[in-house]
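Visitor: Sequence and predicted structure, then a few things I'm wondering about:
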Amino acid sequence: MPEAVSPTVPLPQNPVDDAAIDADRLAESLAVLDALVDECRLELAVEGLRVRAVDPANVAAVSIDLPADAFERYEANGETVGVDVARLAEVVGLADSGDSVRLVLDAERRRLHVLVGELAYTLGLIDPEAIREPLDPAEMEYDCPAELALDGRGISRVVDAADMVSTHLTLGVDPEAGAFYAEAAGDTDDVALSFPREELAALSPADAESLFSLDYLREMARPIPADSEVTVELGSEQPVTLAFAVADGAGAATFLLSPRRSVA
Amino acid sequence: MPEAVSPTVPLPQNPVDDAAIDADRLAESLAVLDALVDECRLELAVEGLRVRAVDPANVAAVSIDLPADAFERYEANGETVGVDVARLAEVVGLADSGDSVRLVLDAERRRLHVLVGELAYTLGLIDPEAIREPLDPAEMEYDCPAELALDGRGISRVVDAADMVSTHLTLGVDPEAGAFYAEAAGDTDDVALSFPREELAALSPADAESLFSLDYLREMARPIPADSEVTVELGSEQPVTLAFAVADGAGAATFLLSPRRSVA
Amino acid sequence: MPEAVSPTVPLPQNPVDDAAIDADRLAESLAVLDALVDECRLELAVEGLRVRAVDPANVAAVSIDLPADAFERYEANGETVGVDVARLAEVVGLADSGDSVRLVLDAERRRLHVLVGELAYTLGLIDPEAIREPLDPAEMEYDCPAELALDGRGISRVVDAADMVSTHLTLGVDPEAGAFYAEAAGDTDDVALSFPREELAALSPADAESLFSLDYLREMARPIPADSEVTVELGSEQPVTLAFAVADGAGAATFLLSPRRSVA
């Protein structure tokens, strides 16, 4: 399919930020961001696309790294732009599976051109200074000694089951039993899930137990594909991190969720 | 898959009521109950699970019989427990198709443990004395001389068509024409369905015609699989019964709906 | 399957208007009408079914022509009847794919009998004099020198993309570039689609550009199958027409939409 050029909004001459990526890869990464934030900063680093964002209540954070080789073509110069995540996801959603999405930055006019087949969408950008700069979860230090891995289906089952009885749940590791567990208690009913070592893709056991909000975990579980392997790091009254691959393994995503102190 | 044990809510020691059943079979039976009632009594009889329930307005009744051989394992001692049907259905809905659901009664603590794979759900039970004991539709005597059989698809078509013009419909058998019929009349439109003997799986004709509420019939039609054979018994101003197999033929379900006297 | 006869509403004796048609063909044609009107006149002409209708605001028009050979059987005498389009579509929707729908007019009692398998639906007709007679779009003269053809998928993509930024869009042909284009401008974002000649099934280029309401175009795009070829005629500040085949090519449908003068 020839690349389209909008008859009304011309592309910048010799753009320095010009990339093309498989529509499904981009859609998947945007869905991860969309789970927590409305707007975010995209850092168009020389070595790839890098996003760090926190939710408005400062309870959860998300990071996406799409290195240059996750793209079909990638040229960038280190610019940082602010975008409306849901809007960009909606434009990419107009692509058919297998389509290529071309992204061209017009830094001067503060526009991102999104080109898919015969479609040329011109996205107005947001001043990145107006978007709070988050802490980088990769650089934060937590004491999360327990690490384990299970598939996205397991994460969804934990959320769906806990959701039936409560608004929050406990995640923990029992080193003696060698199991990852989740528990939630309601007024009349309780629910517990226990994943023994042999049902997990990995387990580095250590004492760990923290309480989390289900509202956040539900949003975070939604964009994780059912058969993706998710690496979970847990501590005692520490944040939980969920790390998984995006873009067919070429990119990486991480969610971080702060613990709740106690149940009101 | 190993059977999970909740780390927080221990199973009773040496439970006397302990059964395991295919998740789809249990889900199907609960959907039948859920069509009419919010809460019901489960009788954990020695020979199998037995449920009799009436809707709150006392207009319709439902029965389910799942004999021991509909289960993968069945041990029971005649207890009767009260459950929230929709809640139990929701828990069973977390199972994947083909999963086995284990049910363990803790009579002392009034809890039903529902175990599916790594999930241990503890369902608080309802005092069965607080749930009205229904008449047993199997023991009620009605004068319903006409009997016929058609598939669930036919029942749904009757309901969908009548629903377009009215809130109630007439079901009857015309012995001369040798046909089962349904009719509904609206302000501007009328609808009639006629199933001649050759389109029915069975027909024992006799004069029969009664008027029914569509609200109930719609709920009753919903859980009946499209290709299940439904045996219908009809009389003149008598209840209608819809009987069909559940649990791959190992169990039996019956709906009973009282007639309306006249149309306001 | 034997043709059913309602036990309560007898068919007219020796009906002069009596036709049978594949349910999918009829459903598809009714969906086209339903996009713009609630009620319309059906002209049961000797040579086939003919419908002309305008939307209540007089902004858009629709025509359907189903010649006699689009039917399995067709006998008609030139009657014109008024019908509730959505209601008739709902009745036809009760048919299974592949079913035949028989339509029998009872002109005297102002009823249309709709017979599908065991179902006999009696539709009360509307006085055709109470439905405004539209101009015939086929007879209206416009100056639309540009003509092109693309598939229904292309029409939907134009609508979906424009919908993201505005309530109206410009459709035009650029004779120099040899392309059909669509453009919409929003507060922060713009969208443009350009279909070069090689992506179109046909193109007779000429200067043409007009502005249209998306509310109407969205409704018109909905019933057009994704792989149907749509012939588009455009002028400068002239209506657009979308013409496509229905009933597996045996019938014809046309939408006409008036241009908007300017953007408020």
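Guide: Great, that's in hand.
Visitor: centre of the chain versus stretch A:161-172, how much separation?
Guide: 21 Å (CA atoms, centre = their mean, to the nearest Å).
Visitor: what's the span of that stretch from first residue to last?
Guide: The first residue of stretch A:161-172 is 16 Å away from its last residue (CA to CA, to the nearest Å).
Visitor: Equivalent analysis for stretch A:75-91, please.
Guide: Terminal residues of stretch A:75-91 lie 21 Å apart, using CA to CA.
Visitor: got the contact list for it?
Guide: If you take CB atoms under 8 Å, 6 or more residues apart in numbering or on different chains as the criterion, stretch A:75-91 is touched by A:16-19, A:27, A:30-31, A:33-34, A:37-46, A:48-49, A:105, A:107, A:110, A:112, A:114, A:116, A:121, A:123, A:125-128, A:130-131, C:164, C:189. For the C-beta atoms, the positions are set from N, CA and C on the backbone; glycine is no exception.
Visitor: Return the subset of those residues lying in strands.
Guide: Within the contacts of stretch A:75-91, residues falling in strands by DSSP state E are A:18-19, A:39-45, A:48-49, A:105, A:112, A:114, A:116, A:121, A:123.
Visitor: Could you report the pLDDT at the spatially most central residue of chain A?
Guide: Closest residue to the average C-alpha location of chain A: A:V32 at 3.2 Å, with CA atoms, centre = their mean. Here, the pLDDT recorded for A:V32 equals 98.
Visitor: Can you tell me which residue of the stretch 1-150 of chain A sits closest to chain C?
Guide: A:G124 (3.2 Å; CB to the nearest CB).
Visitor: For that residue, which non-adjacent residue is closest in space?
Guide: Distances taken as CB to CB, 6 or more residues apart in numbering or on different chains place C:T188 nearest to A:G124, at 3.2 Å, with adjacent residues excluded.
Visitor: For A:P205, grab the count of nearby residues.
Guide: When neighbours are defined as other CB atoms under 10 Å in any protein chain shown, A:P205 has 18 of them.
Visitor: got it, and the one 5 residues further on?
Guide: By the criterion of other CB under 10 Å, A:S210 has 21 neighbours.
Visitor: What does it show for phi and psi?
Guide: With angles defined as degrees, to the nearest 10, A:S210 sits at phi -140, psi 160.
Visitor: wait, what's in contact with the nearest residue to it once chain neighbours are set aside?
Guide: Once flanking residues are discounted, A:S210 sits nearest to A:P259: 4.1 Å by CB to CB, 6+ apart. Contacts for A:P259 (CB under 8 Å, 6+ apart) come out as A:210-212, A:237-240.
Visitor: On the pLDDT front, check A:P259 for me.
Guide: 96.
Visitor: Now do it against chain B, distance only.
Guide: Noted for A:P259: a distance of 19 Å to chain B, by CB to the nearest CB, to the nearest Å.
Visitor: can you check A:E183 too?
Guide: 6 Å.
Visitor: For chain C, see how far away A:V230 is.
Guide: For A:V230 relative to chain C (CB to the nearest CB), the value is 32 Å.
Visitor: so how many other residues sit close to the closest residue to that residue other than its chain neighbours?
Guide: Spatial nearest neighbour of A:V230, chain neighbours left out: A:F244 (4.7 Å); criterion: CB to CB, 6+ apart. As a burial measure, A:F244 scores 22 neighbours (other CB under 10 Å).
Visitor: and what of A:A89?
Guide: 18.
Visitor: Quick check: buried residues in whichever strand or helix holds it?
Guide: Assessed by DSSP states H and E, A:A89 sits inside helix A:85-93. Buried residues in helix A:85-93, defined by neighbour count with 16 or more other CB atoms under 10 Å in any protein chain shown: A:85, A:87-92.
Visitor: Chain B: which of the residues you listed is nearest?
Guide: Nearest to chain B among these, with distances taken as CB to the nearest CB, is A:A89, at 28.8 Å.
Visitor: can you pull the pLDDT of the closest one?
Guide: The per-residue pLDDT of A:A89 was computed as 98.
Visitor: any idea how far A:V32 is from it?
Guide: With distances taken as CB to CB, to the nearest Å, A:A89 is found 10 Å from A:V32.
Visitor: Same question for A:V114.
Guide: Per CB to CB, A:V114 is found 18 Å from A:V32.
Visitor: For the buried residues of helix A:85-93, could you give me a markdown table that also reports distance to C:G178?
Guide: A markdown table is the format used below for the buried residues of helix A:85-93 (distance: CB to CB, whole Å):
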| residue | distance to C:G178 |
| --- | --- |
| A:V85 | 37 |
| A:R87 | 32 |
| A:L88 | 31 |
| A:A89 | 33 |
| A:E90 | 30 |
| A:V91 | 26 |
| A:V92 | 28 |
